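Asker: only geometry, no sequence info:
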């Protein structure tokens with residue numbers, strides 16, 4: 001290899017060997033000691049790291065893989081969540097198959113600025129950006145359109161910025177209402193994260209719209225909304241304890257909140273599904289192995305990550321791509337939802 005602005009002489013100077021030695025090592029004709037070969041290779045790698053472009057020289061592997069950035073909202077243990085871990089795994093495995101590397105851009109929204117992202121794009125020569133949960137990056141989301149590299153948003157549809165891929169959250173909410181209604185339930189509660197997030201709002205709206213179509217009254221649905229995953233669900237549990245006619249079924253739009261709700265309900269003496277049924281959005285393996293396995297609207301998380309990578313690579317290579325893709329969720333029934341009879 002030769003660096004764009006370097007010569008064999010510069011490699012020789014850095015390695016403290018002759019130019020003839022460098023030439024023989026790079027051409028694969030070297031009979032030098034392994035230590036000398038390693039010294040030359042290390043010098044090339046150091047020069048490569050300090051320059052933006054590598055061009056071919058025989059004897060050593062080609063330029064480093066192209067790199068993309070993964071911009072993620074960081075909160076405590078965010079990579080331990082099933083959703084994030086599965087999404088990142090899907091993205092990284094697909095990037096590796098295509099010989100791409102990834103640079104994680106993970107800070108809290110208060111510290112994550114557009115100028116910081118621009119500096120990383122320059123420093124690491126990023127070819128594109130993958131942006132999961134776009135709406136959570138409120139401080140910079142409206143500014144991303146000014147970046148000059150391709151980007152794909154994951155989790156929400158954003159027609160004005162790059163391309164996007166998401167699960168059909170509105171359809172998931174509709175499926176939730178239809179399923180619970182078919183099981184005989186007529187009194188409902190919804191536990192949701194903040195509906196300033198598009199996907200959360202779509203899940204709730206889809207549920208309420210379908211309930212109205214089925215003949216139910218959306219205004220009588222108990223809705224509790226939380227702004228942070230660290231919030232306690234004690235308010236929901238207390239409300240359920242004090243209701244004369246509590247909901248016979250709850251729909252939770254976030255799996256982590258579902259786990260908190262189950263724990264709080266058990267502490268208060270509620271039994272699932274005898275006292276009320278529980279249906280959750282977003283598959284989480286922990287929901288399967290709880291004392292009462294929870295029914296879910298499974299989000300195609302791995303598929304979201306894999307498809308996003310393919311979209312971004314096609315954009316980088318100038319190939320045609322569908323700007324906005326939507327994947328379907330699937331209903332998985334378990335023992336947390338029971339048939340209800342008045």
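Answerer: Received the coordinates, thanks. Worth saying up front: this structure is predicted, and the values here are computed from it rather than measured.

Asker: CA only for contacts and neighbour counts going forward, please
Answerer: OK.

Asker: buried sites along the helix or strand encompassing residue 170?
Answerer: In this structure, residue 170 is located in helix 169-182 according to DSSP states H and E. Neighbour-count burial for helix 169-182, counted by 16 or more other Cα atoms under 10 Å, picks out 169-181.

Asker: The next helix or strand after it: partners in the sheet, and parallel or antiparallel?
Answerer: Going down the chain from helix 169-182, the next helix or strand is strand 188-193, by DSSP H and E. Partners of strand 188-193 in the sheet, by DSSP bridges, are strand 222-226 (parallel), strand 249-252 (parallel).

Asker: What ranges does the protein have for its strands?
Answerer: In the chain, the strands defined using DSSP state E lie at 2-3, 54-55, 66-73, 100-107, 126-132, 151-154, 163-167, 188-193, 222-226, 249-252, 277-281, 295-298, 324-327, 330-332.

Asker: Reformat those strands as a markdown table; add mean pLDDT.
Answerer: Formatted as a markdown table, those follow (pLDDT from 0 to 100):
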| stretch | mean pLDDT |
| --- | --- |
| strand 2-3 | 39 |
| strand 54-55 | 43 |
| strand 66-73 | 87 |
| strand 100-107 | 86 |
| strand 126-132 | 90 |
| strand 151-154 | 89 |
| strand 163-167 | 89 |
| strand 188-193 | 94 |
| strand 222-226 | 92 |
| strand 249-252 | 97 |
| strand 277-281 | 96 |
| strand 295-298 | 95 |
| strand 324-327 | 91 |
| strand 330-332 | 95 |
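
Asker: Mean neighbour count added to the ones you listed, as TSV?
Answerer: Shown next, in TSV, are these (neighbours: other Cα atoms under 10 Å):
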stretch	mean neighbour count
strand 2-3	22
strand 54-55	14
strand 66-73	21
strand 100-107	16
strand 126-132	23
strand 151-154	27
strand 163-167	25
strand 188-193	23
strand 222-226	16
strand 249-252	26
strand 277-281	27
strand 295-298	23
strand 324-327	17
strand 330-332	16
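
Asker: show me what contacts residue 326?
Answerer: With contacts taken as Cα atoms under 8 Å, 6 or more residues apart in numbering, residue 326 has the following neighbours: 165-168.

Asker: who's it bridged to?
Answerer: Note on residue 326: beta-bridge partners residue 166, judged by DSSP bridges.

Asker: next one: residue 107
Answerer: Beta-bridge partners, per DSSP bridges, of residue 107: residue 73.

Asker: quick one: contacts for it?
Answerer: Residue 107 sits in contact with 72-74, where contact means Cα under 8 Å, 6+ apart.

Asker: Just send the residues you listed back as CSV, with distance to residue 273 too.
Answerer: Output for the contacts of residue 107, formatted as CSV (distance: Cα to Cα, whole Å):
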residue, distance to residue 273
72, 36
73, 35
74, 34
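
Asker: List just the nearest of those residues to residue 318.
Answerer: residue 72 (25.1 Å; Cα to Cα).

Asker: Correct me if wrong: that closest one contacts residue 117.
Answerer: No: using Cα atoms under 8 Å as the test, residue 72 is too far from residue 117 to be in contact (11.5 Å).

Asker: quick one: common contacting residues for the two?
Answerer: residue 105.

Asker: Which two among the buried residues of helix 169-182 are spaced furthest apart?
Answerer: 169 and 181 (18.4 Å).

Asker: Quick check: which ranges of this structure have low pLDDT?
Answerer: 1-7, 27-32, 48-64, 109-111, 134-142, 156-162, 229, 284, 342 (pLDDT under 70).

Asker: any idea which residue sits dead centre in it?
Answerer: By Cα atoms, centre = their mean, the chain has its centre lying nearest to residue 132, at 4.2 Å.

Asker: which residue packs closest to that residue, ignoring adjacent ones?
Answerer: residue 154 (4.4 Å; Cα to Cα, 6 or more residues apart in numbering).

Asker: what residues are up against that neighbour?
Answerer: Going by Cα under 8 Å, 6+ apart, residue 154 touches 130-134, 164-166, 304-305, 308.

Asker: Pairing partners for it in the sheet, please.
Answerer: Applying DSSP bridges to residue 154 gives these bridge partners: residue 132, residue 165.

Asker: From residue 271, how far out is it?
Answerer: Counting by Cα to Cα, to the nearest Å, the gap from residue 154 to residue 271 is 36 Å.

Asker: do the same with residue 86
Answerer: Taking Cα to Cα as the measure, residue 86 and residue 271 are separated by 31 Å.

Asker: The two: which has the busier surroundings?
Answerer: Set residue 86 next to residue 271 and count neighbours by other Cα atoms under 10 Å: residue 86 wins out with 20 against 15.

Asker: what about residue 34, how many residues close to it?
Answerer: 10.
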